[in-house]
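>>> give me the fold of what follows.
(3 chains, ligands or ions: 2)
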Amino acid sequence: MSNAISREEVAKVARLARLTLSDAELELYTEQLGQILGHALDMNSLDLSDVVATAHPFGVTNVVREDVITPSLDRETVLAMAPDAVDHRFAVPRILGEAP
Amino acid sequence: MKSAMQIAADVRSGVSSASAELERTLAVVEQRNAELNVFLYVDVDGARAAASVIDSRIARGENVGALAGVPIAIKDNLCQVGIPTTCSSKILEGWRPPYNATVLDKVIAAGAVPVGKTNLDEFAMGSSTENSAFGPTRNPLDPSRVPGGSSGGSAAAVAADMTSISLGSDTGGSIRQPAALCGLVGVKPTYGLVSRYGLIAFASSLDQIGPFSKTVTDSALLLEVLAGHDPKDSTSLPEAAPSLVVHVDDGVAGKRIGLVRELYQGADDSVVASVHAAAQALRAAGAEIVEMSIPELGLTLSAYYLIAPAEASSNLARFDGVRYGLRVKADDVTAMMEATRTAGFGAEVKRRIMLGTYALSAGYYDAYYGQALKVRTLTIDAFARAYQQVDLLLGATTPSVAFAFGDKTADPMAMYLNDVFTIPTNLAGDPALSVPFGTGEGNLPVGVQLLGPGRSEAQLFAAARVLEIADGRP
Amino acid sequence: MTLPNGWEMVVGLEVHTELLTKSKLFCGCANHFGAEPNTNICPVCLGLPGSLPVLNREAVDFAMRIGMALHCTIAPSTFHRKNYFYPDQSKDYQISQYDLPINSGGYLDLPDGSRVTIERAHMEEDTGKSTHLGGSGRLAGADSSLVDYNRCGVPLVEIVSGPDIRSSAQARAYAGELRGILIATGASDGRLEEGSMRFDANVSIRKSGAPFGTRCEIKNLNSLRSLQRAIEYEALRQVELIEEGGVVRQETRHWDENLGETSTLRVKEDADDYRYFRDPDLVDLAPDQAWQDRVRAALPPMPAERRGLVVALLGEPSEAQLDAVEVVIDLGLEKYVHAVVDAGSDAALAVARAANEIAADVDHVDNLSVEAFVTTLTMEQRGELSATQAKTVLAELLAHGGDPRAIAADKGFEQLSADSLGATVATLIASNPDEWTRYRDGDEKLAQFFIGQVMKLTKGQANGKAVIAELQARR
Ligand SMILES: [Mg+2]
Ligand SMILES: [Zn+2]
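Ligands and ions are numbered 1, 2, ... in the order given. Next comes the predicted model:
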């Protein structure tokens, strides 16, 4: 049986997820993900076309809060957590492209 | 080891003090933590300060709450102000949250003394606590074996008599499975009963915080403290916390309990024998046992291992080296994020992130994530039908007793199969608990699982108490 | 502008508007423009591990107001996660509405009578803001960037039009009309310069009646002028490209205001895989009829209706008057106009005074009571104040408030009595015999000469109409 996921697909998924894989990892994950996904494809043996999808078991709707301002965090506390901060802002290396 | 109930009574009455109970805990931690690797961080100073505040409040005649002076261990995926919170991941090493999880506020308000943070499978992904960046936790009952996972540290804290109670989280069995492997009571409450605010998310639609303890009553006591509406969690049930402790001795007379084939089939003989013995004990206590089959439960493992990773792939995106935690330097921001995540996450976390990313990606969503959500519907409907016939369900918690280190680490699928009996109720959002009943290989404990419809915790505790007594722990 | 050689542009707009809530969409941090960096952030909007979002009710109300004003259907909706890694987005996903938006299927009628359909108007959260260091201060060429998360989590409504717009002027008219609606609903302050409204334009071209061409998206246009110019430039660029034998590539483009041209930002790739799925931290939103009715009942009249009411007062308005009406509607000044008309005075004068004098100091409009405005204009019409004096009184009322009669008295704007005006005119006739002769012989221009002289002598206290009456009487 062909693997449920190809090496190229695993490489693409890793890029989407911002992970770098060595060749050996790529090999291993392709096999392991293939096995798990192959198992999952069992579900496709069922005709579920009439079944609605349930994303969440929680049935309550319209949970809202009132539009009231509550205290924010202390800025120094927050910036102390940052790997790099400059001028009261979070510093990052250059950004190569605009946001999508 | 005294129960939490007893400690709180002794502290309130002056027979003991919060400080004395804490020192006893710290002494056991000192003695056994190096060997077992239960706590990743022990907040000695903070706990001592908290205990002495409780003692002085008691001296002033104040009511300090249901958990007065009870030391409690906290799974390290729950945020506590100023205390390192790592999720057992290098990516969060050294991070100290500026806010408390709601459950921390609640146990502190009830007089409990948080002792420290316990080990887990990284980001709660695992069934053995072997996936921790800070080394595995050993099972106190047999240190050559795993304590289960992902809440292995919180289970081991109680099993090693470090604390009487602890907090875990259960996404697919992460409380019930280690409870079973460590001989404890462990509860996965109804989805929404306990606020998730401050629980570092693994899979948001499945995660629930719950208690570990040696006795059924202690879990009921702790869950009463944890439960209740929280306006900070949109998925928190709107009602106040239910009364649980008063119902612990309600018994099971007249109850109908379904013994579900799919919830023990394929387990080791000793486990199957325990489940049948538990059924017998419940029958002896006046319950009617109904043998049942719920074939839909056979599909839930596949659905779970798509839904949970899908949600996780998104929940774990924020660990990108920009705002907190690890950063691995690189020339541009994308390279920095990649280097950080590649160095910061362990193999199992990466595996699940990729699995979930794939399941949600264009062209595969329908075949994987979409299909899994439909199986979730089937699971919910199947449970609902079952609960029209019976009050509760009975099965095994795990296929086997505690296994040895390395037994299942090479094969993810083998590890995932550990959760086959526990994940169905996470998908449905219903409550379930594991209670020790009988022993198996190596005289190690076996856990049996009781499941019920939403908000049936009081009935589950009553049934568990029947089994506790029948198993020789009156 | 029309395109050459029978080409037609096809434009759809995506408009993001920030909502005027007190707090952010999913947390209690202040929604406040211009605060010190990273002072309005909390565990939720900073995406700290373990934090959870809770929806702001007021944001839902504003979203529904916008939907109702745009004739949309309000339906049960859900929140999804749009997953992509970017440093200004604290969770590396944006909470947005996807396949089930709160508002869908509406329309907006423009002043010229054309109709633009509204596909949807959904809720989502804004991102933080980056400052770029090194290079020219723009993203390209920068060495590093600094992120401020104050804006992260601010509520937005994204309004997506159908591809119904056929000219850059129509696009501008649509954006302007939409801005007026957003201000009228109270959802937005309409301050484009502060980024509270941002436009993305999808532009393609085709020969009339042909299928749609490949479109390019121009991102982040933040003025009506840029919107119009960018669309014009982009449509012409596509025409030239195709006529030279090229093909339009689907891409996102950047508008450079200084160069006056668009350039490639990024080509659409299959990497744009946002892996949308329902946000498991949020529940379904399904406002019931009572909630919807409450919002609808509080919805004020929209600009089109208000404009119609003012225009009707003017009879056959000129272009200039229509522009003045636009200013009155835009600034919400029509209550002044209606009050003047109700008091029996002139609508055209009221529109002119509102569109010029009030508009000039609209920040202080609260100082000017409707009664004071009516009194001032009535005095002007009766000749008790000259035009210049009326303008001075209005300026004073806007600056400090008060009673127009008292202000007029204080400034010495006592209207010249008819007798003293007659005497003044008589004196001027005597001292300017040549001009008087020419006026009497029919040269009407000379009326202005005499009015000017009277004004000079009376220090502007005379009424021009009254002067003409005196001159006529002596002709
Ligand atoms: Mg959008
Ligand atoms: Zn916030």
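>>> doesn't residue C:145 belong to a helix?
No - assigned with DSSP: H, G, I helix; E, B strand; the rest coil, residue C:145 falls outside any helix and is strand.
>>> specify the beta-bridge partners of it.
Counting by DSSP bridges, residue C:145 forms beta bridges with residue A:92, residue C:132.
>>> quick check: it touching residue A:95?
Yes - taking Cβ atoms under 8 Å as the definition, residue C:145 is a contact partner of residue A:95 at 5.2 Å. The C-beta positions use only the backbone N, C-alpha and C, and glycine is treated the same way.
>>> joint contacts of the two?
Taking Cβ atoms under 8 Å, 6 or more residues apart in numbering or on different chains as the criterion, residue C:145 and residue A:95 both touch B:333, C:87, C:130, C:132, C:139.
>>> please give the element, helix or strand, for the second one.
Translated: residue C:87. Counting by DSSP states H and E, no helix or strand carries residue C:87.
>>> need the pLDDT of it.
For residue C:87, the pLDDT comes out at 97.
>>> tell me the contacts of the closest residue to residue B:234 other than its chain neighbours?
Among residues not flanking residue B:234 along the chain, residue A:63 sits closest, at 4.3 Å (Cβ to Cβ, 6 or more residues apart in numbering or on different chains). Contacts were defined as Cβ under 8 Å, 6+ apart; by that measure residue A:63 touches B:234-235, C:54-55, C:282-283.
>>> tell me the two of these that are most distant?
When Cβ to Cβ is used, the two most widely separated members of those are B:235 and C:55, lying 11.9 Å apart.
>>> mutual contacts of those two, please.
Listed contacts common to residue B:235 and residue C:55 are A:63, C:282; contacts here mean Cβ under 8 Å, 6+ apart.
>>> for residue B:54, give its distance to residue B:348.
In this structure, residue B:54 and residue B:348 are separated by 39 Å, where distance is defined by Cβ to Cβ, to the nearest Å.
>>> residue B:76 now?
From residue B:76 across to residue B:348, the span is 16 Å (Cβ to Cβ).
>>> how about residue C:74?
For residue C:74, the distance to residue B:348 (Cβ to Cβ) stands at 44 Å.
>>> so the two - more neighbours on which side?
When neighbours are counted by other Cβ atoms under 10 Å in any protein chain shown, residue C:74 and residue B:348 differ, and residue C:74 comes out ahead with 22 against 19.
>>> so what sits opposite that one in the bridge?
Using DSSP bridges, the beta-bridge partners of residue C:74 come out as residue C:103.
>>> quick one: contacts for it?
Contacts of residue C:74 were listed using Cβ under 8 Å, 6+ apart, and they are C:64, C:67-68, C:102-103, C:287, C:292.
>>> so where's the stretch 51-200 of chain C shaky on pLDDT?
Along the stretch 51-200 of chain C, the model assigns pLDDT under 70 to no residue.
>>> for it, which residues are neighbours of chain B?
Residues of the stretch 51-200 of chain C that fall close to chain B, judged by Cβ under 8 Å from any Cβ of the partner chain: C:51-55, C:81, C:83, C:85, C:87, C:90-93, C:145, C:147.
>>> which of these are buried?
For those, a neighbour count by 16 or more other Cβ atoms under 10 Å in any protein chain shown gives the buried set as C:51-55, C:81, C:83, C:85, C:87, C:90-93, C:145, C:147.
>>> Three-state assignment for the residue in chain B that ligand 2 sits nearest to, please.
When you check chain B against ligand 2 by Cβ to the ion, the closest residue turns out to be residue B:99, at 11.2 Å. Three-state secondary structure (criterion: three-state DSSP) places residue B:99 in coil.
>>> phi, psi for the closest residue in space to it that isn't next to it in sequence please.
Using Cβ to Cβ, 6+ apart and skipping residues adjacent in sequence, the residue nearest residue B:99 is residue C:43, 5.0 Å away. Phi and psi for residue C:43, reported as degrees, to the nearest 10, are phi -50, psi -30.
>>> quick check: residue C:161 touching residue C:119?
Yes - counting by Cβ under 8 Å, residue C:119 is a contact partner of residue C:161 at 6.8 Å.
>>> make sure I have this right: residue C:468 is in a helix.
Yes - judged by three-state DSSP, residue C:468 forms part of a helix.
>>> show me the contacts for the residue minimising distance to the centre of chain A.
Nearest to the geometric centre of chain A sits residue A:17, at 6.4 Å (Cα atoms, centre = their mean). Remark: with contacts taken as Cβ under 8 Å, 6+ apart, residue A:17 is in contact with B:313, B:341, B:353-354, B:357.
>>> in strands only, show me the contacts of residue A:63.
Helix and strand membership here follows DSSP state E; of the contacts of residue A:63, those in strands are residue C:55.
>>> which SSE is the residue of chain A most remote from its centre in?
No residue in chain A has its C-alpha farther from the mean C-alpha position than residue A:68, which lies at 31.1 Å (Cα atoms, centre = their mean). Following DSSP H and E, there is no helix or strand that holds residue A:68.
>>> from residue C:54, how far out is it?
According to Cβ to Cβ, residue A:68 and residue C:54 sit 11 Å apart.
>>> would you mind giving the secondary structure of the residue of chain A found nearest chain C?
Residue nearest to chain C within chain A: residue A:70 (3.0 Å; Cβ to the nearest Cβ). Secondary structure assignment for residue A:70 (three-state DSSP): coil.
>>> pretty sure it is in contact with residue C:24, am I right?
No - at 10.1 Å, residue A:70 does not count as touching residue C:24 under the criterion of Cβ under 8 Å.
>>> which parts of the stretch 151-300 of chain C are strands?
Along the stretch 151-300 of chain C, the stretches classed as strands by DSSP state E, counting those that start in this stretch are C:155-161, C:197-207, C:216-221, C:251-256, C:261-267, C:277-278.
>>> out of the ones you listed, which is the most enclosed?
Most buried of these by mean neighbour count (mean count of other Cβ atoms under 10 Å in any protein chain shown) is strand C:155-161; its value is a mean of 25.
>>> can you tell me the strand partners of that one and which way each runs?
strand C:7-18 (antiparallel), strand C:115-125 (antiparallel).
>>> same list, the ones you listed, but as a markdown table with mean neighbour count and distance to residue B:218 please.
Shown next, in a markdown table, are those (neighbours: other Cβ atoms under 10 Å in any protein chain shown; distance: least, Cβ to Cβ, whole Å):
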| stretch | mean neighbour count | distance to residue B:218 |
| --- | --- | --- |
| strand C:7-18 | 22 | 50 |
| strand C:115-125 | 22 | 42 |
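>>> can you check which of those gets nearest to ligand 2?
Closest among the strands paired with strand C:155-161, using Cβ to the ion: strand C:115-125, at 10.5 Å.
>>> OK, contacts around the residue nearest to residue B:221 when sequence neighbours are not counted?
Distance criterion Cβ to Cβ, 6+ apart; nearest residue to residue B:221, sequence neighbours excluded, is residue B:245 at 5.4 Å. Shown here is residue B:245, whose contacts under the criterion Cβ under 8 Å, 6+ apart are B:217, B:220-221, B:224.
>>> the helix or strand hosting residue B:379 packs against which elements?
Assessed by DSSP H and E, residue B:379 sits inside helix B:371-389. Using 3 or more Cβ pairs under 8 Å, 6 or more residues apart in numbering or on different chains; DSSP states H and E as the contact test, the elements touching helix B:371-389 are strand B:256-260, strand B:288-292, helix B:300-315, helix B:423-428.
>>> list just the one of these that sits closest to residue B:95.
helix B:300-315 (15.9 Å).
>>> re earlier: out of the contacts of residue A:17, which are inside helices?
Among those, the members found in helices (DSSP state H) are B:313, B:341, B:353-354, B:357.
>>> closest to residue C:182 among those residues?
Nearest to residue C:182 among the ones in helices among the contacts of residue A:17, counting by Cβ to Cβ, is residue B:313 at 35.9 Å.
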